[in-house]
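Got a predicted structure plus its sequence, pasted below:
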Amino acid sequence: EVQLVQSGAEVKKSGESLKISCKHSGYRFTTSWIGWMRQMPGKGLEWMGLIWPGDSDTKYSPSFQGQITLSVDTSVTTAYLQWSSLKASDTAMYYCATMGAGTSSYYFDYWGQGTLVTVSP
Amino acid sequence: QSVLTQPPSVSGAPGQRVTISCTGGSSNIGAGYDLHWYQQLPGTAPKLLIYANNRRPSGVPDRFSGSKSGTSASLAIAGLQAEDEGDYYCQSYDRSLDGYVFGTGTTVTVL
């Protein structure tokens, strides 16, 4: 079975950079899209983007394009989400998840436990 | 602003049946894209509950069922239990946005 373990909570200041991780174990790392989602305090889920670990092909939500960078390191079966300059509005819980294929759209089948990012002004 | 709309909350007594609707449009559910459902219990990560409209992953009780028709979908929870309290989200793909979308979320309360 697939397991995703995310890095620990982060407290940063506006303008700082950050890279959080999602360690994958089990099968399918290079043959399954990995998606990232944001959940702001008390709010719903938002899809941020996805990456194919096999060749690092990425697709970003228009809402997050240019604001984040997704990457992977296949040698350690880990996916990353990074910011070059954080804003207070980036304060949220971030989830990674593997993606399974339905007949006509993908779903998020295995989820990490989440990484809480807190950014002070 | 999500393109998939859900009621903010639903409630029911233990043992009752509740349904949660997910209303989309012609560029997502109505275009034939699969609809999926997630359960998020308090303080935990979301969990896949229903995929491809009406399929249950291994381990999900058959009290949970999904359906889709036209531009909307529904999640039904039969025999409501206290452990079902939490937030529920629908999710699909939107071809106009060229991306994945989640519903606005519904909080289920067991009275």
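Everything's here; your move.

roughly how far apart are the closest residue to residue A:28 other than its chain neighbours and chain B?
Spatial nearest neighbour of residue A:28, excluding adjacent residues (CB to CB, 6 or more residues apart in numbering or on different chains): residue A:2 at 6.2 Å. In short, each C-beta sits where N, CA and C put it, glycine included. Distance, residue A:2 to chain B, using CB to the nearest CB, to the nearest Å: 12 Å.

Chain neighbours aside, what residue packs nearest to residue 17?
You didn't say which chain, so I picked chain A. residue A:84 (5.3 Å).

my bad, the chain I had in mind was chain B
Nearest to residue B:17 is residue B:78, by CB to CB, 6+ apart, at 4.7 Å.

The one you found: how many residues sit nearby?
14 (other CB atoms under 10 Å in any protein chain shown).

residues contacting the closest residue to residue A:18 other than its chain neighbours?
Nearest residue to residue A:18, sequence neighbours excluded (CB to CB, 6+ apart): residue A:83, at 5.1 Å. Taking CB atoms under 8 Å, 6 or more residues apart in numbering or on different chains as the criterion, residue A:83 is in contact with A:17-19, A:67-69, A:90.

What of residue B:94?
B:3, B:24, B:27-28, B:33, B:100-101.

Starting from the host helix or strand of residue A:72, tell me which strands it pairs with and how they run.
Assessed by DSSP states H and E, residue A:72 sits inside strand A:69-73. Paired with strand A:69-73 in the same sheet, following DSSP bridges, are strand A:78-83 (antiparallel).

how far away is residue A:106 from chain B?
In terms of CB to the nearest CB, residue A:106 sits 7 Å off from chain B.

Who does that residue form a beta bridge with?
Those that pair with residue A:106 in a beta bridge, by DSSP bridges, are residue A:101.
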